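Chemist: 3D, please:
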Amino acid sequence: MAKSREKTLSYHRAEYFCDHPKTINLGMCIKQVTDKLTTISQRSVQRTGGYMMRLAQYKLDQATGGHFLHITFETPGEHASIVPRVSNDAREFAVATMAPPNYAEFMDGDAFLYVNSNDTLLCATAVAIGSVRYFLQAFFEKSAIRHDAGQFEFLNAVDTKLFALIQKKGIKEIEIRASMFEASAHYDLRRTHAAGAPGAVSKYLRTIAKAGHDVSDDALRVAVTINLDKRRKKGVALGHKRLETLASDIIQNRQDDDDYTIVLESGEKIKPKELVLRSRADIASIGKSVIRNDAWSALLSYYTELFQSGQLEQ
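Modeler: Next up, the predicted model:
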């Protein structure tokens, strides 16, 4: 019997920022591109440095109309680090490397997805959602299915049950940390929509520094704490509401490298990954990864759970 691994299943929503977002969705683009590009060679994307991303398998779920994907990530020819077997009385050892076999490459990581319209569920090993987005955008561009196919970002949905508990306990303050370069880059990424925690306050920080939105690496580090001034009693209720709105916006637009903390009135501190929709599942393993069909099944079950609970209607 195969051993199992406890894996995180996360929910993300693709949001299009093109001229006609109602005419397009991620699932539609995936179906069009997989119909057009059918071989592994055509379904491969290479990044700078030789990093290779490939669609190992695609499957249309006839029952739901959703799309299952398995994307692998590897660096061709790269050696793997290994540790030797040593005797019990050994005092030290040296790490070495091993070349990949002639018929294969060492896998850096992989990602399993279930996509239904713009609802995207992910189960990954050593791969972030940003890498998945890069692959899909490059894949769409390669196929030339339509010019706006890659004009999307993955947004996070708030765990409504947990956020309701946070609202009940009350938000004391929000701490946001970023470099000025990072904040400007996030702001420049999407000027008319919040793009992660740094982007939410970037324009104000740049105004203070009189630096403009030049996206230059100036090595400045920013730490912003937003809290209530309870001396102004008339504005406390409005202040609480705005803190909740800002917290929700930061969570929904969270980027992989965001660094923020939501501090509750009770003193509890909530970190980024704790508030987004996610679940855990034990999935049969294969090496460092998991069995494909079992991962897809777990993702579909989680999607069904979220759909039936109304959490996808946010």
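Chemist: check contacts around R278.
Modeler: Neighbouring residues of R278 by CB atoms under 8 Å, 6 or more residues apart in numbering: T8, L9, S10, Y11, D159. Bear in mind the C-beta positions are built from the backbone N, C-alpha and C, glycine included.
Chemist: what about it, distance to Q46?
Modeler: 30 Å (CB to CB, to the nearest Å).
Chemist: Low-confidence stretches in the stretch 201-314 of the chain?
Modeler: Scanning the stretch 201-314 of the chain with the threshold set as pLDDT under 70 gives 201-221, 252, 254-257, 314.
Chemist: residue ranges for the strands of it, please.
Modeler: 221-227, 259-264, 269-270, 278-286, 289-290 (DSSP state E, counting those that start in this stretch).
Chemist: Among those strands, show me which one is buried the most.
Modeler: Mean neighbours per residue, mean count of other CB atoms under 10 Å, is largest over those for strand 289-290, with a mean of 23.
Chemist: Name the strands paired with that strand and say parallel or antiparallel.
Modeler: In the sheet, strand 289-290 lines up against strand 278-286 (antiparallel) (DSSP bridges).
Chemist: Now the strand it pairs with - C-alpha only, CSV.
Modeler: C-alpha atoms of strand 278-286 as CSV (Å, rounded to 0.1, in the frame of the first residue of the first chain):
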residue,chain,number,x,y,z
ARG,A,278,-7.5,26.1,2.0
SER,A,279,-7.9,22.6,3.3
ARG,A,280,-5.7,19.5,4.1
ALA,A,281,-5.9,16.1,2.5
ASP,A,282,-4.0,12.8,2.8
ILE,A,283,-3.0,11.7,-0.7
ALA,A,284,-1.1,8.6,-1.7
SER,A,285,2.5,9.6,-2.5
ILE,A,286,4.8,8.8,-5.4
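Chemist: what would the strands of the stretch 201-314 of the chain look like in CSV with distance to I129?
Modeler: Compiled in CSV, the strands of the stretch 201-314 of the chain are given as follows (distance: least, CB to CB, whole Å):
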stretch, distance to I129
strand 221-227, 24
strand 259-264, 17
strand 269-270, 20
strand 278-286, 11
strand 289-290, 17
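Chemist: for those, which one sits closest to L69?
Modeler: Ranking those by proximity to L69 (CB to CB) places strand 289-290 first, at 14.2 Å.
Chemist: What is the distance between the closest one and the centre of its chain?
Modeler: 19 Å (CA atoms, centre = their mean, to the nearest Å).
Chemist: Then stretch 2-15?
Modeler: Computed by CA atoms, centre = their mean, the chain-centroid distance of stretch 2-15 equals 11 Å.
Chemist: Over to stretch 155-168?
Modeler: Stretch 155-168 sits 18 Å away from the centroid of its parent chain (CA atoms, centre = their mean).
Chemist: cool, stretch 91-103 as well?
Modeler: 32 Å.
Chemist: mind listing what's buried in it?
Modeler: For stretch 91-103, burial by neighbour count (16 or more other CB atoms under 10 Å) applies to P100.
Chemist: May I ask you to confirm that E153 belongs to a strand?
Modeler: Yes. Assignment of E153 by DSSP: H, G, I helix; E, B strand; the rest coil places it within a strand.
Chemist: so it bridges to which residues?
Modeler: With DSSP bridges as the rule, E153 is bridged to E15.
Chemist: Adjust the sequence numbering to begin at 788 for everything that follows.
Modeler: Renumbered: residue one is now 788, and that last one reads E940.
Chemist: What subset of the contacts of R1065 is buried?
Modeler: In these, the ones that pass as buried (16+ other CB under 10 Å) are L796, S797, Y798, D946.
Chemist: Specify the beta-bridge partners of the first one.
Modeler: Partner residues in beta bridges with L796: C910, S1066, with DSSP bridges as the criterion.
Chemist: so it makes contact with D1069?
Modeler: No. Counting by CB atoms under 8 Å, L796 does not reach D1069; the two are 11.2 Å apart.
Chemist: Among the strands of the stretch 988-1101 of the chain, which comes closest to S930?
Modeler: strand 1076-1077 (26.5 Å).
Chemist: which residues are contacting that closest one?
Modeler: The contact list for strand 1076-1077, computed with CB under 8 Å, 6+ apart, reads R792, K794, M894, D897, F899, C910, T912, I1070, A1071.
Chemist: Tabulate these (CSV), appending distance to K1017.
Modeler: Formatted as CSV, those follow (distance: CB to CB, whole Å):
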residue, distance to K1017
R792, 47
K794, 43
M894, 54
D897, 50
F899, 48
C910, 44
T912, 46
I1070, 48
A1071, 53
